[in-house]
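In: Provide a 3D model corresponding to the input given below.
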Amino acid sequence: MQTGLDIFEKYWPKKLRGARIGLVVHPASVNKKLEHAFDCLIKSKKIKLTALFGPQHGIRGETQDNMIEWEGFRDKKTGLPVYSLYGQTRKPHSSMLRDIDVMVIDMQDVGSRYYTFIWTMELCMQECLEAGKSVVILDRPNPLGGVHTEGPVLDMDYVSFVGQRPVPVRHGMTIGEIGGYLKNEFYPALDFHVIAMRGWDRKMWFDETGLPWVMPSPNMPTLDTAIVYPGMCLLEGTNLSEGRGTTRPFEIFGAPFIDPDALVKRLNDFKLAGVSFRPMYFQPTFQKHAGELCGGAQIHVVNRERFRPFKTGVAIIKAIHDLCPGHSEWKQPPYEYVTDKLPIDILAGSDRVRKDIERGTALERMEDWWKEQCLEFHKNIRKKYLIYT
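Out: Below you'll find the predicted structure:
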């Protein structure tokens, strides 16, 4: 199969030939030969690359930990200005677009609403509309495939940089499809183009594409990480370690106050599909509980088609909330630039998940309401914007 980057020269819009390009990229913006997008575009005779833009973690993954801002610089390799979209500003200033005609966006998403790259894309779309610039998306696969959706649809009272528009947590769309949704629903006057992939099927997981996995962010080391992330990122809204500072972030989880065997026994009571849990101890090297011995478990996904990551993440928080009263706590704000709401509510997209856990609502009853939300989103919104059917 071929990504938008692999074939951009062949399918570049004719009316944009000769345009000055601003390129939004990160470490995984590579072609099949592992050549980075800025190397590919700078060689093109159809366009002129004039500026680079980087999202959270930088254009080459310069910032390791979560929610660490960075500022722009001049790229030594190309001599081009590099503008940060995760520092003093997350939306490009009009001055940053002065020397460009088109914003090209080539970022590998991981299929979860929390992952900030799709919201960086939206903020670029906003500014390009206001400045009269065009946007071209070089599309890439959703690593989780494009079939399954899961989790609550964002309530707009809980907007943040981990969710700016109503989409489910696991959205089952490519970055180009998300872009089409945003354009048509919110920015209809924007001059917007998607260079679609060739050879991608919605049923494909990333390891079935033949493409090399490059970490899109420092704590997304493998496809296995991306598979569990739609549920395990919820732990960022708690005092539990989500495995940052270990070699298996988001697959390993726990806290110093947890008995691993008791936890796994409780998790097994949920009879979650497609997953097994291994009790373990670990010691994070940074982030929550750094240097402390934590009890917890590792997720082992044994059937990824049946596995439901969001349900699993909720089950883990619910189990620890019930097993460790007085120890399990919700993380307090600020979180992703929001200061007046709990991080768990920001991540879930409403306060309903948290309140259901606090009142002891059965997991299956919780799943019922977010399944209904996903179905409504698909019928009314999502299916209109699917490029690959």
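In: residue ranges of the helices in the stretch 101-250 of the chain, please?
Out: Here the stretch 101-250 of the chain has its helices, by DSSP state H, counting those that start in this stretch, at 117-131, 175-186, 223-232.
In: and the longest one, what does it pack against?
Out: Using 3 or more CB pairs under 8 Å, 6 or more residues apart in numbering; DSSP states H and E as the contact criterion, the secondary-structure elements in contact with helix 117-131 are strand 20-25, strand 102-106, strand 134-138, helix 175-186. In short, each C-beta sits where N, CA and C put it, glycine included.
In: enumerate the positions of it that are buried.
Out: 117-129, 131 (16 or more other CB atoms under 10 Å).
In: again, but for the second one
Out: Neighbour-count burial for helix 175-186 flags 175-183 (criterion: 16+ other CB under 10 Å).
In: same question, the shortest one
Out: The neighbour-count check on helix 223-232 (16+ other CB under 10 Å) flags 224-232 as buried.
In: outline the domain layout of this structure.
Out: In terms of domains, the chain is parsed into 8-218+381-385, 223-350 (source: automatic domain parsing).
In: output those domains as CSV; include the columns mean pLDDT and distance to residue 360.
Out: Below are the domains of the chain laid out as CSV (pLDDT from 0 to 100; distance: least, CB to CB, whole Å):
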stretch, mean pLDDT, distance to residue 360
domain 8-218+381-385, 93, 19
domain 223-350, 97, 8
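In: please name whichever of those domains is nearest to residue 364.
Out: Of all those, domain 223-350 sits nearest to residue 364, with 9.2 Å by CB to CB.
In: so which helix or strand takes in residue 92?
Out: Using DSSP states H and E, residue 92 is not contained in any helix or strand.
In: residue 102: how many residues sit nearby?
Out: Residues lying near residue 102 (other CB atoms under 10 Å) number 22.
In: list the contacts for it?
Out: Residue 102 makes contact with 16, 19-22, 47, 133-136 under the criterion CB atoms under 8 Å, 6 or more residues apart in numbering.
In: which one of those is nearest to residue 374?
Out: residue 135 (27.5 Å).
In: distance of that closest one relative to residue 193?
Out: For residue 135, the distance to residue 193 equals 7 Å [CB to CB, to the nearest Å].
In: higher neighbour count, these two?
Out: residue 135 (25 against 21).
In: list the buried ones in stretch 241-253?
Out: 241-246, 248-253.
In: the residues you listed: which two are farthest apart?
Out: Farthest apart among these by CB to CB are 245 and 251. That separation is 13.0 Å.
In: run a quick check on residue 170 versus residue 114, I expect a contact.
Out: No. Applying CB atoms under 8 Å, one finds residue 170 not in contact with residue 114, separated by 10.0 Å.
In: overlap in contacts, those two.
Out: residue 230.
In: residue contacts, the most centrally placed residue in the chain?
Out: Nearest to the geometric centre of the chain sits residue 115, at 2.1 Å (CA atoms, centre = their mean). Neighbour list for residue 115: 109, 162, 217, 229 [criterion: CB under 8 Å, 6+ apart].
In: in strands, which of those residues appear?
Out: Using DSSP state E, no member of those falls in strands.
In: among the residues you listed, which one sits closest to residue 312?
Out: Using CB to CB, residue 229 comes nearest to residue 312 of these, at 11.0 Å.
In: is it correct that the closest one is in contact with residue 110?
Out: Yes. Using CB under 8 Å, residue 229 is in contact with residue 110, at 6.1 Å.
In: overlap in contacts of these two?
Out: residue 220.
In: just say helix, strand or coil for residue 299.
Out: Three-state assignment for residue 299 (DSSP: H, G, I helix; E, B strand; the rest coil): strand.
In: what is the burial count for it?
Out: 27.
In: number the residues from 155 up from this point.
Out: Done: numbering now begins at 155, and the last item shifts to residue 453.
In: distance of it relative to residue 328?
Out: In terms of CB to CB, residue 453 sits 25 Å off from residue 328.
In: how about residue 204?
Out: On the measure of CB to CB, residue 204 and residue 328 end up 27 Å apart.
In: can I assume residue 203 sits in a helix?
Out: No. Looking at residue 203 with three-state DSSP, it is strand, so not inside a helix.
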